[in-house]
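Participant: next comes the sequence, and after it the predicted model I'd like to discuss.
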Amino acid sequence: MSSLLKISDLHVSVGETPILRGVSLEIRQGEIHALMGPNGSGKSTLAYALVGHPKYEITGGSIEIDGSPLNELDPCERARLGLFLAFQYPVTIPGVKVSDFLRHAVSNIRNPNRKEGEGLIPMREFRKELKSLMEELGMDTDFARRYLNEGFSGGEKKRMEILQLAMLKPKFAILDETDSGLDSDAVRVVSEGLRKLSGPQMGVLIITHHERLLEYNVPQFTHVMLAGRIVETGDAALAHELHNHGYATVRERHPQEAAEEQSRHEAAVTAG
């Protein structure tokens, strides 16, 4: 039986500001979901709340994987249960080689009870697996000897996250605007890498403004977020409509959320 990520009536605040106002969503392994919406609608807030970023406070509702509650778990515990987040802006860690970072990350996921410095995946086994996956993804093995994201182009940073995804094999992958700032060639490379990894053992939530990433990873479900709520759900045709026509018709169909969105924008301008 496939695993289920269940989000029920989720409310999230940043400081004193409520961002999410009752988000409910279910994702099963093997499914591809797209989450779209204008800037400030709450898409990235949902991603960070799911993986346990301390800045994002859950004030109501629940997150579960196969019935196990995640609300009180730290990010490491959520990762061990099968969550993965590809960041919009991956961080740079000078002095830490890609291969060393991945070996420790994989060891922590596969052996959650290990002590620091102990229980690492055997080097020979790790190198064999890493080399195989890099070849499958069309990546030069010299990439593994570089420091994590140091001097990487935008496309290389995103390919690094696809490599992490391949090594960690999560039940659920959340991609937060992975196509942001990439040229067409880089989007194609990242999209094809994700397509190779997608399958019955992984549910995917692609958060995006655009349709480019979805051309290679066609969603069975497309969700539209406005003012901290999911206001519409459809299939890939909905994503195509949004790409061609924007969010004007969505706002017309949901005047209450559109008014709240405008109020948020005005408040942000005033505060700024």
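Facilitator: Here it is on my side, so go on.

Participant: now the end-to-end length of stretch 84-103.
Facilitator: 16 Å (CA to CA, to the nearest Å).

Participant: now do the buried residues in it.
Facilitator: Phe84, Leu85, Ala86, Phe87, Gln88, Pro90, Val98, Ser99, Asp100, Phe101, Leu102, Arg103 (16 or more other CB atoms under 10 Å). Just so you know, the C-beta spots here come from the backbone N, C-alpha and C atoms, and that holds for glycine as well.

Participant: tell me which helix or strand Ser45 sits in.
Facilitator: Actually, residue 45 is Thr rather than Ser. Element membership for Thr45 (DSSP states H and E) is helix 43-51.

Participant: what bits of this structure have low per-residue confidence?
Facilitator: Scanning the chain for pLDDT under 70 picks out 112-118, 210, 268-272.

Participant: so what sits opposite the residue nearest to the spatial centre of it in the bridge?
Facilitator: By CA atoms, centre = their mean, the chain has its centre lying nearest to Ile174, at 2.2 Å. For Ile174, the beta-bridge partners are Leu85, Leu205 (DSSP bridges).

Participant: that one against Leu205, yeah?
Facilitator: Yes - Ile174 is in contact with Leu205 according to CB atoms under 8 Å; the separation is 4.7 Å.

Participant: mutual contacts of these two, please.
Facilitator: Ala47 (CB atoms under 8 Å, 6 or more residues apart in numbering).

Participant: which strands and helices lie in contact with the longest helix along the chain?
Facilitator: Longest helix in the chain by number of residues, with DSSP state H as the criterion: helix 255-271. Judged by 3 or more CB pairs under 8 Å, 6 or more residues apart in numbering; DSSP states H and E, helix 255-271 is in contact with strand 221-226, helix 248-253.

Participant: pull out the buried positions in the last one.
Facilitator: Residues Val250, Arg251 are the ones in helix 248-253 that count as buried (16+ other CB under 10 Å).

Participant: need the residues that contact that helix.
Facilitator: In contact with helix 248-253 (CB under 8 Å, 6+ apart) are residues Val224, Leu226, Val231, Glu232, Glu241, Leu242, Glu257, Ala258, Glu261.

Participant: can you lay out those residues as TSV showing distance to Leu163?
Facilitator: What follows is the contacts of helix 248-253, written out as TSV (distance: CB to CB, whole Å):
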residue	distance to Leu163
Val224	31
Leu226	34
Val231	35
Glu232	34
Glu241	33
Leu242	30
Glu257	38
Ala258	40
Glu261	37
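
Participant: of all those residues, which comes closest to Glu150?
Facilitator: Leu242 (36.1 Å; CB to CB).

Participant: around the closest one, how many other residues sit close by?
Facilitator: Applying other CB atoms under 10 Å, we find 24 residues neighbouring Leu242.

Participant: wait, it touches Ala34, no?
Facilitator: No - assessed by CB under 8 Å, Leu242 is found out of contact with Ala34, at 9.3 Å.

Participant: list the residues that contact both of these two?
Facilitator: Joint contacts of Leu242 and Ala34 (CB under 8 Å, 6+ apart) are Thr222.
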